[in-house]
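Asker: my questions are about this predicted structure, shown below with the sequence.
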Amino acid sequence: EDQVTQSPEALRLQEGESSSLNCSYTVSGLRGLFWYRQDPGKGPEFLFTLYSAGEEKEKERLKATLTKKESFLHITAPKPEDSATYLCAVQGGNDMRFGAGTRLTVKP
Amino acid sequence: DAGVTQSPTHLIKTRGQQVTLRCSPKSGHDTVSWYQQALGQGPQFIFQYYEEEERQRGNFPDRFSGHQFPNYSSELNVNALLLGDSALYLCASSSVEAYEQYFGPGTRLTVT
């Protein structure tokens, strides 16, 4: 069965303190790995799609990377407005499977 | 360019009642998926519609049913509501040619 595990569950950073979020997955026939940002009470906002090991995508302070078993979301010099829950999801042969997310808090 | 829209925003129902949630996909998208998200959890896949047919289904009971209309909009129906059905219900749309899904703002359902 497809599985997605995200760590840590919660992360508190000072403004400007860079860090990484982890997404470990098992899936039969990966068709894509997705990162989303979700603010409280709102729908997830699409960030990145990664399709194959070695692929990297960047957007502002965020950079996503992919290996055969995990993905990392690197946050460089975060700002308070980056505070949100970051969700990882994989698309295999069946449905899209989500992890429980990492709740990021960036303090000024 | 209008994104995914959902209605209503919030809904309060009593145990045993039935509810219908609505979704309009992003312009150019023809596939609609529905998810249930409990507090502190990631979204869980309910089902997906394409060409007015249920294409895939997650591990949800038959109380959960859906429909897709010719204009690609969709409805999620839940019968015989249970307290455990209280959650944020998310609709996501995509193109059959791509896997990226774009989410609506969700409908917060509370069952009392």
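Answerer: Good, I have the coordinates. Bear in mind the structure is a predicted one, so any value in this text is a computation, not a measurement.
Asker: low-scoring stretches of the chain, by residue?
Answerer: You didn't pick a chain, so chain A it is. Within chain A, no stretch has pLDDT under 70.
Asker: not quite, go with chain B.
Answerer: B:1.
Asker: which bits of it sit near chain A?
Answerer: B:4, B:6, B:33, B:35, B:40-45, B:48, B:56, B:58, B:88, B:90, B:99-106, B:108 (CB under 8 Å from any CB of the partner chain). Bear in mind the C-beta positions are built from the backbone N, C-alpha and C, glycine included.
Asker: ok, now with 6 Å
Answerer: Chain B comes close to chain A at residues B:41-43, B:45, B:56, B:58, B:90, B:99-100, B:102-106, as judged by CB under 6 Å from any CB of the partner chain.
Asker: could you dump the residues you listed into CSV with neighbour count added?
Answerer: Shown next, in CSV, are the residues of chain B next to chain A (neighbours: other CB atoms under 10 Å in any protein chain shown):
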residue, neighbour count
B:Gln41, 14
B:Gly42, 21
B:Pro43, 29
B:Phe45, 21
B:Gln56, 15
B:Gly58, 18
B:Leu90, 28
B:Tyr99, 17
B:Glu100, 15
B:Tyr102, 19
B:Phe103, 24
B:Gly104, 24
B:Pro105, 17
B:Gly106, 24
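Asker: between these, which is nearest A:Asp39?
Answerer: B:Pro105 (10.2 Å; CB to CB).
Asker: hang on, the closest one in a helix?
Answerer: No: counting by DSSP: H, G, I helix; E, B strand; the rest coil, one finds B:Pro105 to be coil, located in no helix.
Asker: that one contacts A:Pro44, correct?
Answerer: No: with contact defined as CB atoms under 6 Å, B:Pro105 does not count as touching A:Pro44 (10.2 Å).
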